[in-house]
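*Asks:* Fold the following for me, if possible:
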Amino acid sequence: MSTSQLQICFWCFLLFANVGISTSLPLERDALLDVKSHLHDPQNYLINWDQSHPACEFYGVTCDKISGEVTGVSLSNASLSGTISPSFSILRQLNTLDLSANSLSGIIPGTLTNCTNLQVLNLSVNILAGQLPNLSSLLKLKVLDLSTNSFSGAFPIWISKLSGLTELGLGENNFDEDYVPESIGLLKNLTWLFLGQCNLRGEIPASVFDLDSLGTLDFSRNQMTGVFPKAISNLRNLWKIELYQNNLTGEIPPELAQLTLLSEFDVSQNQLSGVLPKEIVRLKKLKVFHIYRNNFHGELPEGLGDLQFLESFSTYENQFSGKFPANLGRFSPLNAIDISENYFTGEFPKFMCQHNNLQFLLALSNNFSGEFPSSYTSCKTLERFRVSQNQFSGSIPHGMWGLPNAVIIDVADNGFVGGISSDIGISATLNQLLVQNNNFSSKLPIELGNLSQLQKLDASNNRFSGQIPAQIDTLGSLLVLNSLNLSHNRISGEIPGGLQSLKLSYVDFSHNNLSGPISPQFLMVAGDDAFSENSDLCVNDTSEGWRQSVTSLPSCQWTDNHHNFSRRRLFAVLIIVSSLVVLLSSLACLKYENNRLEVFNRKQDTESGDDSVSKWVVESFHPPEVIPSAALPVPRSLFREE
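*Replies:* Below is the predicted model:
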């Protein structure tokens, strides 16, 4: 064939190829318009998906620069609902389909298997359901993420044929309960494996520990059994292990320390036991270390305090004992720590908020003692501060009351003294304030009235005195308060009326020195026991609701009448006693004067010898009859009806 003939053939090929491409492009646009017709688009992301625009200009669509064919559709997190159109199968050059994080429902259309060029298929975080179609024909797939949907049926065994996969996510679905297929170990290129919460049981297949490219291993929230696998140390590229909420047993092996890239380790909520291996401190890149709700015991390795990247540390509900690593948090940007419900002793560590990042400090139910460190007064990032049920003593540093981001402050069940600082008003976001069962004294601060978000206040079993701050109702701020316990203190005065009008579900003012009236409605909500051992409280019985309730508290009307009568009776007694005193004084004076005159007269008799004169003098000075009412008239107002 001559050169000219070859040129002619070449140009003919290009011509027919372009004709094929030009005819396919309208078909692809029509296919995408059909995709749009199956979707609800409240945010109008697809507003330019219409006949007036070429497909390559559609939002979220990418095309080949030479051929113009659609190669990608990415509509992640676009608030879309509806179903997946079968028309995606027309897009034969499609290599990326990402519809994740929407509200798509229905099934995956089986025609999607025609998209044999697909490399990325991400339909995660939707509400898709039904059985998965067999996608084993999509041999070019590298990323398959169908997690966080409602798929059901048998766990897909066919995934082992997709040998090119680097990322596989099937977690958070409703597959039938089944074992993890051993064939999953054929996916040698996997770097990300997410099979959490999809009804898997049994032991982790040994083949999984041959996936030496794996960076994330997640079998969390299943029913996995067996001892913690030592073979996990073979996966030297692991940086994330998520095995929490299973039924694993045994100890954490020292070999775990060989995973020097490990950043996140979570084996919480299993049945693991034993002592933590001291080698664990070699995991220098640890950011997350969660082993809570297991049966570990012994002391924590002191070297944990030297970690420099630790952000979240949780060991609660174990049986750890001894002193806590003193330097934990000193060199790392610690954000959250929960060491509650163990047996830690000694002084509380000082440095957990060294870098002012700490948001969650939970250390309740241990045996920490001594004073709480003043180093935490600058920890203004705290949102949850709970150190209850320990053996702390001394005063809480004032700055610990003023936490501008705190949702809960819980220092109950200790031996703290002093009082609640006025700094508490700074904690404007506070939802719960729990200080019960301590030795706090002084008055409740008026700044409690600033806590507009407060729902629960328990200050019972202390030695608080003074009155309930009137600012709690006069400011009208504690409108969401529903639980209030001030029992077993020394609080006096009246219960503010505004406080009584709040819609409280639990109230206890018992065992105080409170006085004054309470409303019948408040009594019916709180119950009679809530006001016991307050001798001067009474119930204002002017409303109909009061007549329907039963209480041992007296009526304020009876109390007022009783008190008024008592005051009137006391006043009358005082008047009578005063009158008697005046009368007796008068009699004494008269008797004295009479005796004096008698002596004088007798002297005169002796001198004059005349007996008749002295007799007359004695008779003429006989005291007249004294009428008490005439001596001191009783005021008429004493008998006036009030």
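*Asks:* wait, isn't residue 88 in contact with residue 35?
*Replies:* Yes - A contact is recorded between residue 88 and residue 35 when judged using CB atoms under 8 Å, the distance being 6.6 Å. Heads up, the C-betas are built off the backbone N, CA and C, glycines and all.
*Asks:* shared neighbours, these two?
*Replies:* Any residue near both residue 88 and residue 35 by CB atoms under 8 Å, 6 or more residues apart in numbering counts here, and that gives residue 73.
*Asks:* Report the residue spans of the stretch 501-642 of the chain with pLDDT below the cut-off.
*Replies:* 541-550, 558-642 (pLDDT under 70).
*Asks:* Same check on the chain?
*Replies:* Scanning the chain for pLDDT under 70 picks out 1-24, 474-477, 541-550, 558-642.
*Asks:* try 50
*Replies:* By pLDDT under 50, the low-scoring segments of the chain are 3, 5-23, 475, 559-568, 570-573, 582-583, 587, 590, 592-642.
*Asks:* quick one, helices of it?
*Replies:* Listed in chain order, the helices of the chain (DSSP state H) span residues 3-37, 471-474, 497-500, 520-526, 544-547, 556-608, 611-620, 628-631.
*Asks:* Now stretch 202-212: buried residues?
*Replies:* For stretch 202-212, burial by neighbour count (16 or more other CB atoms under 10 Å) applies to 204, 207, 208, 209, 211.
*Asks:* The second one and residue 494: what is the separation?
*Replies:* The spacing between residue 207 and residue 494, counted by CB to CB, to the nearest Å, is 75 Å.
*Asks:* And for residue 227?
*Replies:* In this structure, residue 227 and residue 494 are separated by 65 Å, where distance is defined by CB to CB.
*Asks:* Those two - which one has more neighbours?
*Replies:* For residue 227 and residue 494, the more surrounded residue by other CB atoms under 10 Å is residue 494, and the numbers stand at 17 against 12.
*Asks:* residues in contact with the more buried one?
*Replies:* Residue 494 makes contact with 467, 468, 514, 515, 516, 517 under the criterion CB under 8 Å, 6+ apart.
*Asks:* will you turn those residues into a markdown table that also has distance to residue 189 and neighbour count?
*Replies:* What follows is these, written out as a markdown table (distance: CB to CB, whole Å; neighbours: other CB atoms under 10 Å):
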| residue | distance to residue 189 | neighbour count |
| --- | --- | --- |
| 467 | 73 | 16 |
| 468 | 68 | 23 |
| 514 | 73 | 23 |
| 515 | 79 | 15 |
| 516 | 78 | 17 |
| 517 | 78 | 22 |
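*Asks:* Which single one of these is nearest to residue 240?
*Replies:* When the contacts of residue 494 are compared for distance to residue 240, the smallest value, 52.0 Å, is given by residue 468; criterion: CB to CB.
*Asks:* That closest one contacts residue 491, correct?
*Replies:* Yes - assessed by CB under 8 Å, residue 468 is found in contact with residue 491 at 6.2 Å.
*Asks:* shared neighbours, those two?
*Replies:* Shared contacts of residue 468 and residue 491, defined by CB under 8 Å, 6+ apart, comprise residue 444.
*Asks:* on that earlier part again, among the contacts of residue 494, which are in strands?
*Replies:* Within the contacts of residue 494, membership in strands is found for 467, 514, 515, 516, 517, as judged by DSSP state E.
*Asks:* so can I have TSV of these showing distance to residue 303?
*Replies:* As requested, these are arranged in TSV below (distance: CB to CB, whole Å):
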residue	distance to residue 303
467	53
514	55
515	60
516	61
517	63
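*Asks:* Now residue 326: closest residue in space that isn't a chain neighbour?
*Replies:* residue 349 (5.5 Å; CB to CB, 6 or more residues apart in numbering).
*Asks:* how about that neighbour, what does it touch?
*Replies:* Contacts of residue 349 were listed using CB under 8 Å, 6+ apart, and they are 324, 325, 326, 327, 328, 329, 373.
*Asks:* now do residue 293
*Replies:* For residue 293, the contact set (CB under 8 Å, 6+ apart) comprises 268, 269, 270, 316, 317, 318.
*Asks:* any idea how far it is from residue 420?
*Replies:* Distance check for residue 293 against residue 420: by CB to CB, it reads 33 Å.
*Asks:* Residue 217 now?
*Replies:* Using CB to CB, residue 217 is found at 48 Å from residue 420.
*Asks:* Near residue 163, how many other residues are there?
*Replies:* Neighbouring residues of residue 163 were enumerated by other CB under 10 Å; the total is 12.
*Asks:* now residue 120
*Replies:* For residue 120, the tally of surrounding residues (other CB under 10 Å) stands at 18.
*Asks:* Over to residue 503?
*Replies:* Residues lying near residue 503 (other CB under 10 Å) number 9.
*Asks:* what's near enough to touch it?
*Replies:* Under the criterion of CB under 8 Å, 6+ apart, the contact partners of residue 503 comprise residue 482.
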